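Visitor: okay, here's the prediction I keep looking at, along with the sequence it came from:
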Amino acid sequence: MAYSDKVIDHYTNPRNVGTLDKSNAKVGTGLVGAPECGDVMRLQIQVDDNNMITDAKFKTFGCGSAIASSSLATEWLKGKSIDDAMKIDNMDIVEELSLPPVKIHCSVLAEDAIKAAINDYRVKNGMAPIEAAKTHH
Amino acid sequence: MNLPIYLDNNATTPMDPRVLEAMIPYFTQKFGNAASRNHPFGWIAEEAVDYAREQVAKLIGASEKEIIFTSGATEADNLAIKGVFEMYKDKGNHIITAVTEHKAVLDTCKHLEKLGARVTYLPVKEDGLIDLAELEATMTPETILVSIMYGNNEIGVIQPVKEIAAIAHKHGALFMTDATQAVGKIPVDVNADGIDLLACSAHKIYGPKGVGALYVRRKGPRVKVTAQMDGGGHERGMRSGTLNVPGIVGFGKACELCMQEMESEAKRLSALRDKLQTSLLELEESYVNGNQEHRLPHVANISFKYVEGEGLMMAMKDLAVSSGSACTSASLEPSYVLKSLGLSDDLAHSSIRYGLGRFTTEEEVDYAIDITKKAVNHLRELSPLWEMFKEGLDLSKIEWAEH
């Protein structure tokens, strides 16, 4: 399977690889996927007092498209409010990275990771978690 | 050294230039149809086919009359299993095979199940070998065929063919083996091993694609298969169709070269393979899949835990290997062979198969070691699972959101 240039770029030079302190109240962590399925994403956001995302980090176990999807997600998250970040749709990732149909699940996983990280932050800070508008599974 | 490096010789091999040289005249000057009995063009082609038949037969200890040329091992597997099922249906309908067989065998058996066959798919032990006692217990008076591969394509494990044949014969069944990965790599002898039917292919042994053979025993017992292709009655009526003369000539030459070079080549390749394996096992949490004692000399299948196989192959773009990872298949299921060893899905996802070959050099192996180590270390830096493992978390205790 041939990868798009953008997937190769994110895969070769992944942005924002790393770990934030998950015990920090201002950090939201989303861990999605399962080793048995061949992909696990961990996405973390650092949020300021105005609910703006100031930093995002990821680590991913998975194929090139999964790594690229999570790398792209961290780029998009930085500078967004948590409400705007909640609106990121997996199809935006598919389009940006030109993912083939067999790799769409990688983008779904990235969207799930974003939502899980935001909800983790919301719960930690006394807000109700937002139910995902659609289910993928 | 030219990049990328080819270490996927279980998938296919490059053709040996000596094979190509032998084939070339049979495309142009010596183009005759081997079935043309009335002019020299046909005679020359027939003579070439007869010679190739001897070369193929010799490599597996058979007589040239027992070799049926086909389009490849898949066709040979189909012809053997379907042909025996049809020919021996008065005797019984039970076929025994194993879960780690190639799809050419498994899917043929599945097809026959729809036509009334009863098929037993034997499980394998953790090392990939079948349990002989279990085989014996499965035999019934209706068992007509036991089909167990010689060497496995994914993990290289060599089954105890001789013992399997003895069990099959003791219960009056025929023994067939898909020896596609073994012929030309290790000594295979149809008489010493007790093989009644054997499938093999030219392109796995530095010959051309599109040609293979089915060995069909003629004496003790005389085995018959019902033809699966109707037509001119070529190949003793078992496989109609104009013979692929240049391909067959190439196949013969490839067999002759294996006959001459197999012994020294197996030594050279197993030394290189062992070097590769030993070096890669220096990486933490890396594991060899399958039995290491009964294994083809040129194969190593290794799982690098906490790294996903397709991602790893992408990081090793100058290395052509293959992976049991789901992401490399359309089905998103990891390798059924690795899963049948009882490997957890995550280890199956993390596997890489290295298949060395005649043209693999030590320099290439050194490069492969270096590039693999760098890629594994790089991807582990990106892997949340590796981080959790390093923190001492038990990953099996985590509740994963399976998707």
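Guide: Structure received.
Visitor: what strand or helix carries B:Thr97?
Guide: Mapping B:Thr97 onto the secondary structure by DSSP states H and E places it in strand B:94-98.
Visitor: other SSEs contacting whichever helix or strand comes after that strand?
Guide: Sequence-wise, the next helix or strand downstream of strand B:94-98 (DSSP H and E) is helix B:103-114. Secondary-structure packing of helix B:103-114 (3 or more Cβ pairs under 8 Å, 6 or more residues apart in numbering or on different chains; DSSP states H and E): helix B:73-87, strand B:94-98, strand B:118-122. Heads up, the C-betas are built off the backbone N, CA and C, glycines and all.
Visitor: just send the ones you listed back as TSV, with mean neighbour count, distance to B:Val56 and mean pLDDT too.
Guide: Formatted as TSV, the helices and strands packed on helix B:103-114 follow (neighbours: other Cβ atoms under 10 Å in any protein chain shown; distance: least, Cβ to Cβ, whole Å; pLDDT from 0 to 100):
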stretch	mean neighbour count	distance to B:Val56	mean pLDDT
helix B:73-87	24	12	98
strand B:94-98	24	24	98
strand B:118-122	17	29	98
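Visitor: redo the ones you listed as a markdown table? Include distance to chain A.
Guide: Formatted as a markdown table, the helices and strands packed on helix B:103-114 follow (distance: least, Cβ to the nearest Cβ, whole Å):
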| stretch | distance to chain A |
| --- | --- |
| helix B:73-87 | 23 |
| strand B:94-98 | 24 |
| strand B:118-122 | 23 |
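Visitor: turn those into CSV, including distance to B:Asp370.
Guide: CSV is the format used below for those (distance: least, Cβ to Cβ, whole Å):
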stretch, distance to B:Asp370
helix B:73-87, 34
strand B:94-98, 37
strand B:118-122, 40
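Visitor: who does the strand holding B:Thr97 pair up with?
Guide: Under the criterion DSSP bridges, strand B:94-98 sits next to strand B:118-122 (parallel), strand B:143-147 (parallel) in its sheet.
Visitor: quick one: B:Tyr177 is in a helix?
Guide: One thing to correct before we go on: residue B:177 is Thr, not Tyr. No. B:Thr177 is assigned strand when assessed by DSSP: H, G, I helix; E, B strand; the rest coil, not a helix.
Visitor: give me the beta-bridge partners of it?
Guide: Bridge pairing for B:Thr177 (DSSP bridges) gives the partners B:Leu198.
Visitor: and it, how many neighbours?
Guide: Look at B:Thr177: counted by other Cβ atoms under 10 Å in any protein chain shown, it has 31 neighbours.
Visitor: now do B:Glu263
Guide: B:Glu263 has 12 neighbours, counted by other Cβ under 10 Å.
Visitor: report the separation between the spatially most central residue of chain B and B:Asn301.
Guide: For chain B, the residue nearest the mean C-alpha position is B:Gln181 (3.5 Å; Cα atoms, centre = their mean). Remark: distance between B:Gln181 and B:Asn301 (Cβ to Cβ, to the nearest Å) = 12 Å.
Visitor: between these two, what contacts are shared?
Guide: Contact criterion Cβ atoms under 8 Å, 6 or more residues apart in numbering or on different chains; residues shared by B:Gln181 and B:Asn301: B:Gly156.
Visitor: thinking again about what came up before, need the contact partners of the strand holding B:Thr97.
Guide: Under the criterion Cβ under 8 Å, 6+ apart, residues B:81, B:85, B:105-106, B:109, B:112, B:117-124, B:130, B:135, B:138-140, B:142-149, B:159, B:173 lie in contact with strand B:94-98.
Visitor: where does the prediction get shaky in chain B?
Guide: Along chain B, the model assigns pLDDT under 70 to residues B:326-332, B:402-403.
Visitor: the strand holding B:Thr97 versus helix B:103-114: what angle between them?
Guide: Angle, strand B:94-98 to helix B:103-114, by axes from the mean of the first three to the mean of the last three Cα atoms, to 10 degrees: 150 degrees.
Visitor: nearest residue to the one residue in the stretch 101-250 of chain B that gets nearest to chain A other than its sequence neighbours?
Guide: Closest residue of the stretch 101-250 of chain B to chain A, Cβ to the nearest Cβ: B:Glu154 (16.8 Å). Of all residues not flanking B:Glu154 in the chain, B:Val337 sits nearest, at 4.4 Å (Cβ to Cβ, 6 or more residues apart in numbering or on different chains).
Visitor: what about the one you found, how many residues nearby?
Guide: When neighbours are counted by other Cβ under 10 Å, B:Val337 registers 26.
Visitor: tell me which helix or strand it sits in.
Guide: B:Val337 belongs to helix B:336-340 when assigned by DSSP H and E.
Visitor: which SS class is A:Ser107?
Guide: helix.
Visitor: that one and chain B: what is the separation?
Guide: Remark: distance between A:Ser107 and chain B (Cβ to the nearest Cβ, to the nearest Å) = 12 Å.
Visitor: show me what contacts that residue?
Guide: Residues in contact with A:Ser107 (Cβ under 8 Å, 6+ apart) are A:Ser69, A:Asn90, A:Met91, A:Ile93, A:Val94, A:Leu97, A:Leu99.
Visitor: would you turn these into a markdown table with secondary structure and distance to B:Tyr26?
Guide: Below are these laid out as a markdown table (DSSP: H, G, I helix; E, B strand; the rest coil; distance: Cβ to Cβ, whole Å):
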| residue | secondary structure | distance to B:Tyr26 |
| --- | --- | --- |
| A:Ser69 | helix | 52 |
| A:Asn90 | helix | 55 |
| A:Met91 | helix | 55 |
| A:Ile93 | helix | 54 |
| A:Val94 | helix | 51 |
| A:Leu97 | helix | 49 |
| A:Leu99 | coil | 47 |
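Visitor: give me the buried subset of these.
Guide: Among the contacts of A:Ser107, the ones that count as buried by 16 or more other Cβ atoms under 10 Å in any protein chain shown are A:Ser69, A:Asn90, A:Ile93, A:Val94, A:Leu97, A:Leu99.
Visitor: now render these as a markdown table, adding pLDDT and distance to B:Cys255.
Guide: Shown next, in a markdown table, are these (pLDDT from 0 to 100; distance: Cβ to Cβ, whole Å):
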| residue | pLDDT | distance to B:Cys255 |
| --- | --- | --- |
| A:Ser69 | 95 | 48 |
| A:Asn90 | 94 | 53 |
| A:Ile93 | 95 | 52 |
| A:Val94 | 95 | 50 |
| A:Leu97 | 95 | 48 |
| A:Leu99 | 93 | 45 |
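Visitor: among those residues, which pair sits farthest apart?
Guide: Across these, the longest distance by Cβ to Cβ is 10.8 Å; it joins A:Asn90 and A:Leu97.
Visitor: how about the strands in chain A?
Guide: Counting by DSSP state E, one finds strands in chain A at the ranges A:27-34, A:39-47, A:53-61.
Visitor: I meant the stretch 301-403 of chain B, not that one.
Guide: Along the stretch 301-403 of chain B, the stretches classed as strands by DSSP state E, counting those that start in this stretch are B:319-320, B:322-323, B:351-355.
Visitor: of the ones you listed, which approaches chain A most closely?
Guide: strand B:322-323 (9.8 Å).
Visitor: against which helices or strands is that closest one packed?
Guide: Taking 3+ Cβ pairs under 8 Å, 6+ apart as contact, the helices and strands that strand B:322-323 lies on are helix B:309-315, strand B:351-355.
Visitor: distance from the chain centre to the first one, please.
Guide: Just to be clear, that refers to helix B:309-315. How far helix B:309-315 lies from its chain's middle: 24 Å, per Cα atoms, centre = their mean, to the nearest Å.
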